[in-house]
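J.: Pasting a predicted model and its sequence here:
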Amino acid sequence: MNHATTNRSAFTLIELLVVITIIALLVGILLPAINRARDNALVGQSKSNIRNVRVAADMYINDHNGRGWTGCPPILSNGPTGEWTDLSAQNALIAWRNRYWYQDQSGMGGKMTIPPGVQPCETTMGRQWFVDLESCREVDQVVPYCFGEGLTTSPRGFARQGTYRFPNTRHIAEYMEDKCYNKVFWSPKDRVITREIQSCWDADGATCATTLNGAVDGEFEVDIPMLMVPSSYSFSPPNMVNSYCYRKPNPSQDPKDAFTDPMSIPGGFRQNTVAQCRFATQKTYLMEIHWLQNLTTGECGANWGDAQYPYHYPAGDDNSSTWSYDGCYPHYFNASWRSAPIAAFVDGHIDQVSAEDAEKADYVVATQNDSTGNVDQYNGLWHRGVAGDLENGFFVESRSDWAQWSGHTHTTGGMTEGRDVLMDF
């Protein structure tokens, strides 16, 4: 009897190893491409977000005679009839309160008819939350930028902060479904913040409780001493005040002598219009505030202990004196040469700004002004004379490498004459 033989085909061990090796190689080739595609998608989403915020800001401009939102009364420095000359920002706010605060028949306080400052999308009895009507301490929630010294300072010690951090104020959010916590106000790559404000999104735009404005049922939702979580995108502070404040130094002039505190001149907070911008394609209007592209370190900034002002120290949970999100605070946009924040320029176009290229441009201009040999007279694209900041600029002391750039926040020339880059990106 003949027995039919059955041939059984199977992988040998060597063949199996070859297949596994090929698969591993393909995965190794494809994963970086997938990661780049994912990153590009997130960058694209952030560009879309900042474009939408810019459109909302433009709608506000169109409704207010060509001037953008600042949160600060244009006449804060001099008052309605010029009687507030040389007051500090805090005392001017007290004078503003006394002028616009009324009492009802029972003698109880009413509400401000013209409340300045940042407003959340939910208020209490129609009163905005950011001006303490007893002490008017919340200067940093009214003026565009708090300087380290001078008349426009924060009584709470929150120098380098101000309304420029809040394009998600109610005034702009009215054009964004009236939601101060609309997801569009945050970059999808800004994970440190977005992890913290999930409850804000779930609450359909309600204001989250923070360590400063008290707890809800004994707990706060966001561990940061702000009444409304800042957006991922920030306005340019020099755009929000009179350009004279950030005027260009003359040759061999100390930059400190070419800077003026907006509280020290009439109309110091009366910003220039977009139409007056000479370099609209080279001046930033909105920009990502954190280092999000090309991040080579951990999400939490490691150098905040070196900051000139201590409120950024990562002090952990339930510490209302710091700006930490549960013990973490991200790097700023100028923390590294590698940083490439997404920006909306004055002319409306959206692109990334290379911090390295912007710093080179700053040096080129300083070289043209023959000022590179003297730090005290360094005259580039960003202003070394800003009160309290000087050559440290915007938290340059806390950078991650040797980056030395404070464009956007300290642009020399302000809105009218300022440039943050030398070419159109």
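T.: Received the coordinates, thanks. Numbers count the residues shown, from 1 in each chain.
J.: what's the following helix or strand after the lowest-mean-pLDDT helix or strand in the chain?
T.: The helix or strand of the chain with the lowest confidence, counting by mean pLDDT, DSSP states H and E, is helix 198-202 at a mean of 76. Next in sequence after helix 198-202, counting helices and strands by DSSP states H and E, comes strand 233-235.
J.: what are the ranges of the strands in the stretch 301-425 of the chain?
T.: Secondary structure of the stretch 301-425 of the chain (DSSP state E, counting those that start in this stretch): strands located at 342-345, 350-352.
J.: Direction included, what does the shortest one pair against?
T.: According to DSSP bridges, strand 350-352 has the following sheet partners: strand 342-345 (antiparallel).
J.: circling back: and of the strands of the stretch 301-425 of the chain, who's closest to residue 267?
T.: In terms of C-beta to C-beta, the element of the strands of the stretch 301-425 of the chain nearest to residue 267 is strand 342-345, at 25.6 Å. (Each C-beta comes from the backbone N, C-alpha and C, glycine too.)
J.: got a list of contacts for the closest one?
T.: Outside strand 342-345, the residues that touch it by C-beta atoms under 8 Å, 6 or more residues apart in numbering are 43, 46-47, 50-51, 53-54, 187, 233, 280-288, 292-293, 350-353, 408, 420.
J.: ok, back up a step: highest mean neighbour count out of the strands of the stretch 301-425 of the chain?
T.: strand 342-345 (a mean of 26; mean count of other C-beta atoms under 10 Å).
J.: Any idea how far that one is from the middle of the chain?
T.: Averaged C-alpha coordinates place strand 342-345 at 12 Å from its chain's average position (C-alpha atoms, centre = their mean, to the nearest Å).
J.: now do stretch 46-65
T.: Mean-position distance between stretch 46-65 and its chain equals 15 Å (C-alpha atoms, centre = their mean).
J.: Output that stretch as CSV - backbone C-alpha positions only.
T.: In CSV, the C-alpha atoms belonging to stretch 46-65 read as follows (Å, rounded to 0.1, in the frame of the first residue of the first chain):
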residue,chain,number,x,y,z
SER,A,46,-2.7,75.7,16.9
LYS,A,47,-2.4,77.9,13.7
SER,A,48,-6.1,77.5,13.2
ASN,A,49,-6.8,78.4,16.9
ILE,A,50,-4.6,81.5,16.9
ARG,A,51,-6.2,82.6,13.6
ASN,A,52,-9.6,82.4,15.1
VAL,A,53,-8.6,84.3,18.2
ARG,A,54,-7.0,87.0,16.0
VAL,A,55,-10.3,87.2,13.9
ALA,A,56,-12.2,87.7,17.2
ALA,A,57,-9.7,90.4,18.2
ASP,A,58,-10.2,92.1,14.8
MET,A,59,-13.9,92.0,15.3
TYR,A,60,-13.4,93.8,18.6
ILE,A,61,-11.2,96.4,16.8
ASN,A,62,-13.8,97.0,14.1
ASP,A,63,-16.4,97.6,16.8
HIS,A,64,-14.2,100.1,18.8
ASN,A,65,-12.9,102.6,16.2
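J.: Please point out which parts of the least confident helix or strand of the chain sit buried.
T.: 200, 201 (16 or more other C-beta atoms under 10 Å).
J.: same question, stretch 355-370
T.: 355, 356, 357, 358, 359, 361, 362, 363, 365, 366, 369.
J.: Quick check: residue 287 is in a helix.
T.: No: assessed with DSSP: H, G, I helix; E, B strand; the rest coil, residue 287 is strand; it does not lie in a helix.
J.: quick one: it and residue 353 touch, right?
T.: Yes: with contacts counted by C-beta atoms under 8 Å, residue 287 reaches residue 353, the gap being 7.1 Å.
J.: tell me, what's touching the two both at once?
T.: 341, 342, 343.
J.: The residue nearest to the last one when sequence neighbours are not counted: how many residues sit nearby?
T.: Pointing back at residue 343 there. With sequence-adjacent residues excluded and distances taken as C-beta to C-beta, 6 or more residues apart in numbering, residue 343 is closest to residue 287, at 4.1 Å. Residue 287 sits with 23 neighbouring residues when counted by other C-beta atoms under 10 Å.
J.: before we move on, what about the one 3 residues further on?
T.: Residue 290 has 25 neighbours, counted by other C-beta under 10 Å.
J.: returning to that earlier point: as a markdown table, the shared contacts of residue 287 and residue 353 with pLDDT would be great.
T.: Converted to a markdown table, these look like this (pLDDT from 0 to 100):
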| residue | pLDDT |
| --- | --- |
| 341 | 97 |
| 342 | 98 |
| 343 | 98 |
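J.: any chance of these in TSV, plus distance to residue 229?
T.: Output for those, formatted as TSV (distance: C-beta to C-beta, whole Å):
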residue	distance to residue 229
341	19
342	19
343	21
